[in-house]
Every structure is written in C-alpha cells, then in structure tokens.
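Q: Let's see this in three dimensions:
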Amino acid sequence: MTPQQKKSPFKLSKDLLFDPALIPDELQENLPSGYVVRPLCRTDNQVRSNTSFLKTLEVLTTVGEISEEAFRERFQYLQDHNDQYFTIVIEDMNVPATSAASATSSTPYLVTPGRGKIVAAGTVVVERKFIRGLGLVGHIEDIAVAGDQQGKKLGLRIIETLKAIGQRQGCYKVILDCSEKNVPFYEKCGFERKGVEMGWYVNKPTKAKL
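A: Below you'll find the model as predicted:
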C-alpha cells in the first residue's frame with residue numbers, strides 16, 4: 001500500500017452483499033467528511049426506520065410494503081448471485097441511527113453499517129451476453145439521493161462507484177435509462193446519448209471475475 005492509498009473501512013462479511021474491495025479507495029476519499037460508500041448490508045432494512053435503505057428508495061418511486069422476512073429473502077437471492085447484482089449505499093455516519101437493532105449490531109466491521117443514516121443508493125446489474133465474445137454489460141438502476149442531501153454530489157459519487165464496479169467486473173459498457181431533464185447530469189458523469197439510452201464505454205475491459 002502506497003502512502004496515498006487509504007485502507008477500506010470495511011471488512012468482508014457474510015452480511016455484506018458483495019466484497020467491499022470492489023469499491024476503489026479513492027471514491028471513499030471523495031465523499032464529504034463522515035460519509036462512507038459500501039455494499040448493501042443484510043440489516044439495512046431495520047424496521048423501515050428513517051435510516052433504512054428502503055426509506056431512501058422512496059424518494060425515487062413507490063417501494064410498497066416489504067416485510068423484514070421478504071427483504072432478507074431478496075437480499076439472500078442477490079447475495080447468492082453477487083457476481084451480477086451490486087447494490088451500494090452511502091451512509092452518513094455523522095447522524096446516529098434511531099434503530100435499537102442497529103445500535104446493538106455485532107457485525108464485525110471497522111466501520112459498522114447501521115450506525116448512521118443511509119442517504120443515497122444505487123445498483124449496477126451485470127448482464128451476461130453472447131455478443132461481443134460473451135461480453136458483459138452493466139445496467140445502472142435505482143439511483144436515489146435523500147432530499148436533504150442535495151448539493152453534496154452524492155449522486156455523482158454513486159454513479160462513479162457503480163461505473164468502477166462495472167469496469168472491475170469486466171463490463172465493456174455501462175448503460176442506463178433516464179429522463180430528458182437528467183441528461184445533463186449523466187453527461188457530466190461521462191455518459192453519452194445512445195438513442196433513448198445513455199452509455200459509458202470502457203476502453204480496455206478487464207477480464208470478468210467469475
């Protein structure tokens with residue numbers, strides 16, 4: 001490790017959706033003080049409190065009624081296929097969580113998820129294709145930033161992280177759909193118009209980690 005590198009604040013755990021080492025250290029350093037970006041955690045639903053993952057998604061669209069059991073079942077499916085599904089969150093560790101469950105968490109992290117408030121989220125899904133020599137395509141979905149967190153570039157940091165994960169998984173491009181009003185934002189993130197779709201192309205795709 002060089003002097004410029006920053007050790008990841010998370011340890012690999014069975015409660016994380018995927019290996020946090022896939023998130024480049026420099027992306028952690030670009031966040032505001034006290035904020036961390038990490039994989040979704042099994043306990044991030046926590047009785048639908050104001051600090052939960054699902055509460056954050058409500059700024060994007062209707063989430064619906066999802067029980068703790070249903071959340072964990074869906075999480076387990078994604079974790080069983082965690083070479084395809086990569087959901088990340090940004091957590092504000094400056095804001096104490098209100099959930100008693102999170103306050104007593106014994107999950108072995110250097111920084112324990114659930115101790116702060118989830119303020120942003122996003123997902124990249126890796127599609128396995130036959131074209132392009134069995135190429136991989138990353139599809140960015142469900143970008144959400146809490147209303148009181150606007151102006152902190154958290155949406156940009158989520159996109160940068162998902163692009164980096166897609167590239168590290170071997171995607172030859174990362175694409176997304178967006179409304180016309182959001183086109184300027186995604187252009188600032190490195191995407192370009194592709195019909196009704198936005199695309200970001202990797203010049204030298206890395207080998208897929210299977």
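Q: switch to C-alpha atoms for all contacts and neighbour counts from now on
A: Fine.
Q: Quick check: longest strand in this protein by residues?
A: strand 117-128 (DSSP state E).
Q: partner strands of that strand, parallel or antiparallel?
A: Applying DSSP bridges, strand 117-128 is found paired with strand 85-92 (antiparallel), strand 136-145 (antiparallel).
Q: Enumerate the positions of the helix or strand harbouring residue 167 that are buried.
A: In this assignment (DSSP states H and E), residue 167 forms part of helix 154-169. Applying a neighbour-count criterion of 16 or more other Cα atoms under 10 Å, the buried positions in helix 154-169 are 154-155, 157-169.
Q: elements contacting it?
A: On a contact count with 3 or more Cα pairs under 8 Å, 6 or more residues apart in numbering; DSSP states H and E, helix 154-169 meets helix 25-29, strand 85-92, strand 117-128, strand 136-145, strand 173-176.
Q: avg pLDDT for the longest one?
A: In this model, strand 117-128 has an average pLDDT of 97.
Q: next one: the second one
A: Here strand 85-92 scores 97 as its mean pLDDT.
Q: what angle sits between that strand and helix 154-169?
A: If you take axes from the mean of the first three to the mean of the last three Cα atoms, to 10 degrees, strand 85-92 sits at 140 degrees to helix 154-169.
Q: Strand 85-92: how far from the chain's middle?
A: 3 Å (Cα atoms, centre = their mean, to the nearest Å).
Q: same deal with the last one?
A: Its chain's average C-alpha position is 15 Å from that of strand 173-176, according to Cα atoms, centre = their mean.
Q: Give the pairing partners of that strand; include direction for each.
A: With DSSP bridges as the test, strand 173-176 is paired with strand 136-145 (parallel), strand 197-201 (antiparallel).
Q: farthest residue from the center of this structure?
A: Counting by Cα atoms, centre = their mean, the extreme residue of the chain relative to its mean C-alpha position is residue 133, 27.4 Å from that point.
Q: For that residue, give me the pLDDT.
A: Note on residue 133: pLDDT of 97.
Q: same question, residue 47
A: At residue 47, the model reports a pLDDT of 49.
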